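>>> Following is a predicted model, sequence given first.
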Amino acid sequence: MKVTYYPGCSLEGTARDYADSIEAICGFLGIHLEEVPDWNCCGATAAHSVDHKASVELAARNLNQASILPNEDLLVPCPLCFNRLRAASWALEHEEGGRYSFRLQPGIPMIWDLANFFGTESMLKELSLKVKKPLNGLKVVCYYGCMASRPPRVTGSRDHENPQSMDRIVKALGATSLHWPYKTDCCGASLMLSRPDMGYRMVGKLYDMAQRMGAEAIVVSCQMCQSNLDMYQERIEAEWGRKFAPPIFYFTELMGLALGMLEVPSWLSRHFADPRPLLERKGLLP
C-alpha cells in the first residue's frame, strides 16, 4: 500500500522519536510512505496569526506538490499541519474568488490525520491481526488536543467533541482506554514559552483529571502536546504542589509495543518522563 506522506518540520527535529515510530510501524504494516516532493513548512501558528493569505498559500503549495504523486491518501502525523492543510483546501474552495494567487491542482489526495487513518475499521482489523503482545493491564487516557478535529467544517470531524480514533487503537492493542472529559482541551501550545504560568495551569489540569480517572499514562498524537505534557513535569508539579509524573506515549509507540517491535525502548529513551519503569512493572517492555 502506497500513501503520500507530509512529515512536517518537527518530525525532522524535536519529534524524531515520533518520526521513527511512524516509519517503523508503517514498514511493519506494509505501508510505503512517499514524501511530498519538495514540501515546505505548513505555516503553523506563525503564518496564520499574522497573514491569512500567506498561511493558506504555504499550505496550498504542499497540496499541489502532493498531487504530483498518484496516491489517493495523504497522511499527516502533526495535527496542526493537518489542520492547516485542511484549512487551505477549505479556504480555496469556499472563500471569495481572486483572493489567492494559488489554485489547487487536480488530483489532491484525501488529507488524513494519522490517528484517524489508523483508527479506521480496515486499519484496526489489520492491526488486530498482527498484535503479538497485547497491552493487557495498561490503563490510559487518550488526549487529542484541539487541532485534529476542530473546527469540524474544516477538519470534517464527526466526533469533534468526543474523538475516538486513538481510543479504538488503544483497545485494539489490548490496553484499557478510560473515559475522561478533557480529551480535546488545549495543552497551552506556545504559552509554555510566553506565559508558562498559564501553560502550567492548563497542563496541570490534564494531569489532575487523568490521575482522578485512574490513568497510568496519557496517549497523544500531537508532538506539541507531547512536548508540553512531557517536558515540564517537574515545574508543573512544583506549581501545583503535587506529584503527577504520568508517562506520555505517542499512540504509535504503543502500537510498536503490541506488535513486538524491539526498537521501541530506543524511542522511549528520548522522553523526559521515562515510560520504561511503568512498562517493566507491567511486563510489557521488550
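Yep, that arrived.

>>> mind listing the strands for the stretch 1-150 of the chain?
Using DSSP state E, counting those that start in this stretch, the strands of the stretch 1-150 of the chain run over 2-5, 32-35, 73-76, 110-113, 139-143.

>>> can you list those in CSV and add mean pLDDT, distance to residue 272 and mean neighbour count?
(Glycine included, C-beta is placed from N, CA and C.) Output for these, formatted as CSV (pLDDT from 0 to 100; distance: least, CB to CB, whole Å; neighbours: other CB atoms under 10 Å):
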stretch, mean pLDDT, distance to residue 272, mean neighbour count
strand 2-5, 98, 27, 22
strand 32-35, 98, 27, 14
strand 73-76, 98, 25, 23
strand 110-113, 98, 25, 21
strand 139-143, 98, 16, 24
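
>>> contacting residues around residue 31?
Shown in contact with residue 31 (CB atoms under 8 Å, 6 or more residues apart in numbering): 1, 2, 3.

>>> nearest spatial neighbour of the last one, skipping sequence neighbours?
Going back to what we said before, that points to residue 3. The shortest distance from residue 3 to any non-neighbouring residue, by CB to CB, 6 or more residues apart in numbering, is to residue 73 (4.6 Å).

>>> Kindly indicate which of the contacts of residue 31 lies nearest residue 125.
residue 1 (13.7 Å; CB to CB).

>>> pretty sure the closest one is touching residue 34, no?
No: counting by CB atoms under 8 Å, residue 1 does not reach residue 34; the two are 11.0 Å apart.

>>> for this protein, where's the lowest mean pLDDT among helices and strands?
Scoring the helices and strands of the chain by mean pLDDT, DSSP states H and E places helix 44-48 at the bottom, with a mean of 79.

>>> returning to what we had before: in contact with the residue nearest to residue 3, which residues?
Residue 73 sits in contact with 3, 4, 109, 110, 112, 117, where contact means CB under 8 Å, 6+ apart.
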